[in-house]
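Undergrad: From the sequence below, what's the structure:
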Amino acid sequence: MFYKYNFAGWYAGSTDQEQDRTTDIAPTNLAVTEVEGEMRSNFTGYEWIQLPYVHSVEPTPADAVPVFVTRRQAIQQLIWEGLDDDVQAVINAIPDLVQRKLMQAWYDESQVFERNRAEIMAVWTALGRTPAQLDQTFIDAAKRV
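TA: Sure thing, here's the model as predicted:
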């Protein structure tokens, strides 16, 4: 059994097949409510957490969030935002050795950083940052040519 989550990490049902944005980790709350403020499972990339549901608004073309940015653009933006050392600290703090090594390999070896990757969401959540801040980071990173 696999558990689906949408681009914002919200639980979106189950499936028998592994797909993009699925995990074999079962959420504790199977609600798929779309009522603002009701508790719903949100996948961080490593675990499901319970959060009050917030409807994610699709961006308009004027503020469209890039689907991906290059590694250089991402790293430069993290430096500009003063988050590069914090990202490494989050990776270093992953308690499971295998998971920590996998995350480090992903971070070091990725040629592009995709906005909706579970790894990005996990690190961003651990930094205490919001999805809107991540969107802005991707918008700003894409401008670094």
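
Undergrad: Would you map the strands across the protein?
TA: In the chain, strands defined by DSSP state E lie at 2-5, 11-15, 22-23, 39-43, 48-52, 68-70, 112-114, listed in chain order.

Undergrad: Deepest in the core, which of these is it.
TA: Each of the strands of the chain was scored by mean neighbour count; the highest is strand 39-43, a mean of 22, by mean count of other CB atoms under 10 Å. For the C-beta atoms, the positions are set from N, CA and C on the backbone; glycine is no exception.

Undergrad: re earlier: could you dump the strands of the chain into JSON lines and include distance to residue 32 and mean pLDDT?
TA: Shown next, in JSON lines, are those (distance: least, CB to CB, whole Å; pLDDT from 0 to 100):
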{"stretch": "strand 2-5", "distance to residue 32": "10", "mean pLDDT": "93"}
{"stretch": "strand 11-15", "distance to residue 32": "6", "mean pLDDT": "94"}
{"stretch": "strand 22-23", "distance to residue 32": "15", "mean pLDDT": "93"}
{"stretch": "strand 39-43", "distance to residue 32": "7", "mean pLDDT": "92"}
{"stretch": "strand 48-52", "distance to residue 32": "13", "mean pLDDT": "90"}
{"stretch": "strand 68-70", "distance to residue 32": "27", "mean pLDDT": "90"}
{"stretch": "strand 112-114", "distance to residue 32": "24", "mean pLDDT": "91"}
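
Undergrad: Among those strands, which comes closest to residue 145?
TA: Between residue 145 and these, the tightest spacing by CB to CB is seen for strand 68-70, at 9.8 Å.

Undergrad: partners of that closest one, with directions?
TA: In the sheet, strand 68-70 lines up against strand 112-114 (antiparallel) (DSSP bridges).

Undergrad: Name the residues that touch the strand it pairs with?
TA: When contacts are defined by CB atoms under 8 Å, 6 or more residues apart in numbering, strand 112-114 is touched by residues 67-71, 73-74, 120, 141.
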